[in-house]
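[1] How does the following fold in three dimensions:
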Amino acid sequence: MYKVIWDKEINGVILTDKPTEINNLILPRPVFFEELDLLKFNKFWKYPRTKKPLLWANGRRYKGGIMTPIEFDVIVFKENETFVAYCPELDVSSCGNNVEHAKEMLKTAVRLFVEETEKMGTLESILEESNYKKDRSGKWIPPKLVATELVSI
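    Okay, here's the model as predicted:
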């Protein structure tokens with residue numbers, strides 16, 4: 001009889017016929033685009049609408065990291081030939097070859113920031129410090145960016 005073990009090193013599943021130390025193992029399951037849409041991930045990431053699984057989940061863990069969907073503002077500016085995308089709420093930035101590439105890179109940077117701070121147990125305090133508010137359903141609501149303009153003195 002094979003057992004399934006989640007291997008953090010390879011971030012994937014290993015099948016083994018050896019006994020496992022994990023007694024209450026939650027088996028990985030496929031995740032399709034419909035589930036990601038239901039969780040509103042399509043607001044943050046582009047993914048194909050296919051019949052094949054897009055990733056695997058283990059309980060609430062997607063690809064080995066807990067996914068907390070949050071919304072954030074993106075400001076894009078140009079530095080020489082590089083486009084810089086900036087998230088003012090979290091003070092996270094990234095860059096790319098064009099506006100869309102910079103925005104996609106910022107989404108990746110914010111996703112990694114959220115995953116890592118969640119692993120460290122500091123995400124909630126960081127979001128509160130950044131003026132995010134939790135609604136009744138537990139969703140984090142970002143502070144509203146109300147204006148940007150070029151000003152000179």
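[2] which residue packs closest to the spatially most central residue of the chain, ignoring adjacent ones?
    Taking CA atoms, centre = their mean, the centroid of the chain lies closest to residue 111, which sits 3.1 Å from it. Using CB to CB, 6 or more residues apart in numbering and skipping the chain neighbours, the partner closest in space to residue 111 is residue 44 (7.3 Å). C-beta coordinates here come from the backbone N, C-alpha and C atoms, glycine included.
[3] Could you list which residues are in contact with that neighbour?
    Residues counted as contacts of residue 44 (CB atoms under 8 Å, 6 or more residues apart in numbering) are 69, 71, 107, 111.
[4] Now restrict the residues you listed to buried residues only.
    107, 111 (16 or more other CB atoms under 10 Å).
[5] Just to be sure, which of the contacts of residue 44 are found in helices?
    Taking DSSP state H as the definition of helices, the contacts of residue 44 contribute 107, 111.
[6] got the contacts of residue 44 as CSV, with distance to residue 9 and pLDDT columns?
    Output for the contacts of residue 44, formatted as CSV (distance: CB to CB, whole Å; pLDDT from 0 to 100):
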residue, distance to residue 9, pLDDT
69, 27, 77
71, 33, 92
107, 26, 91
111, 21, 86
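[7] and of the contacts of residue 44, the nearest to residue 130?
    Nearest to residue 130 out of the contacts of residue 44 is residue 71 (CB to CB; 12.1 Å).
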